[in-house]
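>>> would you be able to build a 3D model of this:
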Amino acid sequence: MRNPQEIQNDIETRLAKVEPDVELLAVEQVAAERLRLTIDRPGGVDLAACERVTKHLRDLLVDYALEVSSPGPQRPLVKPEHFRRYLGRRARVRTRQPLDGHKSFTGELVGASDDEVTVAADGALVSIPYTEINRSNLLEEGR
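Numbering: from 1, shown residues only. Got it, this is the predicted structure:
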């Protein structure tokens, strides 16, 4: 079995050729033989898009069960361009190690360079290097 990053890179490369408007946001190995793929595309993700992605990756079904879904309102933020796209929105950013005594920061995304994201959380600005982020996602409007 390959590691999740190898699998994600392989899937991204393959989808770029056959579904160029589909962006692979995340691949999670939720069990030894189950992968959860979160995809997005302009205009949103519908059942047909999930079915097409599954069909393009049918060879993976030999080793894995696939779950392909949309990101929903709590869209994962994985790459610097994701953070830049959603500046001004509220997000939760969880770090691998405590930063300023905390591992979770909830607030408005106010900056995103190539190296770090800046969040206005609890009345302070916190800059978090991408390498320190464990998980991050948008929050539903109004939360």
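
>>> so after the helix or strand harbouring A120, what's the next helix or strand?
Element membership for A120 (DSSP states H and E) is strand 116-121. Remark: after strand 116-121, the chain's next helix or strand is strand 124-129, criterion DSSP H and E.

>>> coming back round to it: who's in contact with the strand holding A120?
The contact list for strand 116-121 (Cβ atoms under 8 Å, 6 or more residues apart in numbering) reads 80, 83, 91, 93, 105-112, 125-130, 133, 136. For every residue, glycine as well, the C-beta is placed using N, CA and C.

>>> can you do 10 Å?
Residues from elsewhere that reach strand 116-121 (Cβ atoms under 10 Å, 6 or more residues apart in numbering): 77, 80, 82-84, 87, 90-93, 100, 102, 104-112, 125-133, 136.

>>> buried members of those into ChimeraX, please.
This is how ChimeraX selects the buried members of the contacts of strand 116-121, with burial counted by 16 or more other Cβ atoms under 10 Å:
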select :77,82,83,90,91,92,93,105,107,108,109,112,126,128,130,133,136
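
>>> in helices only, show me the contacts of strand 116-121.
Secondary structure defined by DSSP state H assigns P80, H82, F83, R84 of the contacts of strand 116-121 to helices.

>>> the third one contacts R75, correct?
No: F83 lies out of contact with R75 (Cβ atoms under 10 Å); the separation is 11.3 Å.

>>> so for the two, which residues contact both of them?
R89, A91, S136.

>>> rewinding a little: export the ones in helices among the contacts of strand 116-121 to a markdown table and append columns for distance to H56.
Shown next, in a markdown table, are the ones in helices among the contacts of strand 116-121 (distance: Cβ to Cβ, whole Å):
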| residue | distance to H56 |
| --- | --- |
| P80 | 27 |
| H82 | 23 |
| F83 | 28 |
| R84 | 28 |
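
>>> ok, back up a step: partner strands of the strand holding A120, with direction?
When pairing is defined by DSSP bridges, strand 116-121 lines up against strand 102-112 (antiparallel), strand 124-129 (antiparallel).

>>> perfect, that will be all.
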